[in-house]
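Student: no sequence on hand, only this structure:
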DNA sequence: ATAGTTTTCAACACTGCGTCAAAAACTAGA
DNA sequence: TCTAGTTTTTGACGCAGTGTTGAAAACTAT
């Protein structure tokens, strides 16, 4: 322990943004940049501190560890991720177009921040802080997805298994596919990838072959 | 550099198993045990060496790094993984039963060695040695899968997209599901998981809802 | 100005990595 | 069996990165 605020800011208190708040934010932003460049395991705390204009030991005034900082980075991007799929999650029926649009938004984000997104969402042991945030986010995403599936099942669409399992599979499939797409940027045609993925998710969940 | 043999033994030379060969093997076996206990990042070379009965610096006589040893561990288990799915890969038509059997074999293996399998096959940056073996193995698996899909397509089964993409998706789905199953051993019923996964793969690739 | 708080930093101790050269154990030929 | 050569083992060294601490410096509010 010994940090400025709790690891992941729950609800910020209403005080004016003091110098420390700014520094903390610039640390998060600097980290996002640095984490784009190389695997997190190869990033030193010295580097992160330097990128934000402080010395290494100063870093520990703001965060307990590299992982805690990564957790903050992830945390600040959750809102975006929620937005991405909300259109489709709110829609009814299969609505392949909305699904594809959501996936396209996700892919666009992964093309930029894929490097650390991979480490945050795919790595088996990302450290306790990240683990916690990841679980929350995945849980949340799966629950909403799960609800949609149940809704669709009630509306008479064929569904191929327990909704919660299917939801998790779909989310995993999406993440893994984006991860691959980031790792081999030019191996696949982007449009084809999105089409295939959208269809794959629909087939996976609803057992339906859409036209086209 | 400075190791006894090349990182990943291609084809062992025909000499009798000298003392060093035994030690190397016991190092691999000890590592498999140790890697079951905790995340690889938390395992020290000292620990691995100790588990095989030598000192830390002695380790480097056999392997360049922890990752190189992990690569050797993975390498020695490739044959098993190949066997698992070969029945289904060789069969024709959907053959859900063969598929389910193959998946069941895989799940059984993951229940034992899931910890390091996750790190070898899911972690974004497992180190160059492991990366190489993983790529080879995944490539190989996907190719065989891909061939089966093409075969099936020719035989008149509906297929939902480019075979190579579908194959990769199916493999990713399987790995991710097994990984989840390892991480939360008692969250899902094993039989249900296998049924759902088998059906999911069939739907994903062939767009078919099987009876049952 | 000044007392209290927030922020910064240099110095320290610690863990784990990788290298090296010398010692020890092993092997084969005379 | 002795011996020269090879394989294996080891302790000691230097290095990089971590996390802590206590004091200095920079702020803030009275």
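Tutor: All right, it came through fine. Since we're looking at a predicted model, the values are computed, not measured.
Student: for residue A:131, which non-adjacent residue is spatially closest?
Tutor: Nearest residue to residue A:131, sequence neighbours excluded (C-beta to C-beta, 6 or more residues apart in numbering or on different chains): residue A:125, at 7.7 Å. For every residue, glycine as well, the C-beta is placed using N, CA and C.
Student: pLDDT wise, what is the one you found at?
Tutor: What the model reports for residue A:125 is a pLDDT of 97.
Student: now residue A:14
Tutor: Reported pLDDT for residue A:14: 45.
Student: same question for residue A:209.
Tutor: 68.
Student: where does the nearest residue to residue A:163 once chain neighbours are set aside fall, secondary structure wise?
Tutor: The shortest distance from residue A:163 to any non-neighbouring residue, by C-beta to C-beta, 6+ apart, is to residue A:149 (4.1 Å). Under the criterion of DSSP states H and E, residue A:149 resides in helix A:128-154.
Student: and that helix, what does it pack onto?
Tutor: Packing partners of helix A:128-154 (3 or more C-beta pairs under 8 Å, 6 or more residues apart in numbering or on different chains; DSSP states H and E): helix A:66-76, helix A:78-90, helix A:96-121, helix A:163-183.
Student: the same query, at a cut-off of 10 Å, please.
Tutor: helix A:66-76, helix A:78-90, helix A:96-121, helix A:163-183, helix A:190-206 (3 or more C-beta pairs under 10 Å, 6 or more residues apart in numbering or on different chains; DSSP states H and E).
Student: okay if I get the ones you listed as a markdown table plus mean pLDDT and mean neighbour count?
Tutor: Listed next are the helices and strands packed on helix A:128-154 as a markdown table, based on pLDDT from 0 to 100; neighbours: other C-beta atoms under 10 Å in any protein chain shown:
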| stretch | mean pLDDT | mean neighbour count |
| --- | --- | --- |
| helix A:66-76 | 97 | 22 |
| helix A:78-90 | 92 | 15 |
| helix A:96-121 | 97 | 19 |
| helix A:163-183 | 97 | 21 |
| helix A:190-206 | 96 | 21 |
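Student: out of the ones you listed, which gets nearest to residue B:143?
Tutor: helix A:163-183 (15.5 Å; C-beta to C-beta).
Student: which strands and helices sit next to that closest one?
Tutor: Packing contacts for helix A:163-183, counted by 3+ C-beta pairs under 10 Å, 6+ apart, involve helix A:96-121, helix A:128-154, helix A:190-206, helix B:163-183, helix B:190-206.
Student: and the helix holding residue A:149, what's its mean pLDDT?
Tutor: 95.
Student: and it with helix A:190-206, angle?
Tutor: With axes from the mean of the first three to the mean of the last three C-alpha atoms, to 10 degrees as the basis, helix A:128-154 and helix A:190-206 are set at 70 degrees to each other.
Student: ok and the residue in chain A nearest DNA strand C?
Tutor: Proximity of chain A to DNA strand C (C-beta to the nearest atom of the strand) peaks at residue A:20, 2.1 Å away.
Student: next one: the helix or strand that contains that residue, is it in contact with chain B?
Tutor: Residue A:20 belongs to helix A:19-37 when elements are defined using DSSP H and E. No: Helix A:19-37 stays clear of chain B (C-beta under 10 Å from any C-beta of the partner chain), getting no nearer than 11.7 Å.
Student: around DNA strand C, pick out the residues from chain A.
Tutor: A:4, A:18, A:19, A:20, A:21, A:23, A:54, A:55, A:57, A:58, A:61 (C-beta under 7 Å from any atom of the strand).
Student: could I get these in CSV, plus columns for pLDDT?
Tutor: Listed next are the residues of chain A next to DNA strand C as CSV, based on pLDDT from 0 to 100:
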residue, pLDDT
A:4, 76
A:18, 78
A:19, 76
A:20, 70
A:21, 88
A:23, 95
A:54, 97
A:55, 97
A:57, 98
A:58, 97
A:61, 97
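Student: what secondary structure does the residue lying farthest from the centre of chain A sit in?
Tutor: Relative to the centre of chain A, and counting by C-alpha atoms, centre = their mean, the farthest-placed residue is residue A:156 at 31.5 Å. At residue A:156, secondary structure determined by DSSP: H, G, I helix; E, B strand; the rest coil is coil.
Student: residue contacts, it?
Tutor: If a contact means C-beta atoms under 10 Å, 6 or more residues apart in numbering or on different chains, then residue A:156 has no contacts.
Student: ramachandran coordinates for it?
Tutor: phi 100, psi 0 (degrees, to the nearest 10).
Student: how much space between it and residue B:102?
Tutor: To residue B:102, residue A:156 is 33 Å away according to C-beta to C-beta, to the nearest Å.
Student: swap in residue A:30?
Tutor: Applying C-beta to C-beta to residue A:30 and residue B:102 gives a distance of 47 Å.
Student: residue A:73 too?
Tutor: 39 Å.
Student: and chain A, which of its residues are near DNA strand D?
Tutor: Checking chain A against DNA strand D by C-beta under 7 Å from any atom of the strand, the hits are A:2, A:18, A:19, A:44, A:45, A:46, A:56, A:57, A:60, A:64, A:65, A:66.
Student: just flag the most distant two among these.
Tutor: A:18 and A:44 (27.3 Å).
Student: what about stretch A:56-68, distance to the chain center?
Tutor: Using C-alpha atoms, centre = their mean, to the nearest Å, the mean C-alpha position of stretch A:56-68 is found 23 Å from that of the whole chain.
Student: chain neighbours aside, what residue packs nearest to residue A:46?
Tutor: residue A:56 (4.5 Å).
Student: so residue A:64 is in which element?
Tutor: Counting by DSSP H and E, there is no helix or strand that carries residue A:64.
Student: surely it is in contact with residue A:70?
Tutor: No: judged on C-beta atoms under 10 Å, residue A:64 makes no contact with residue A:70 at a distance of 11.4 Å.
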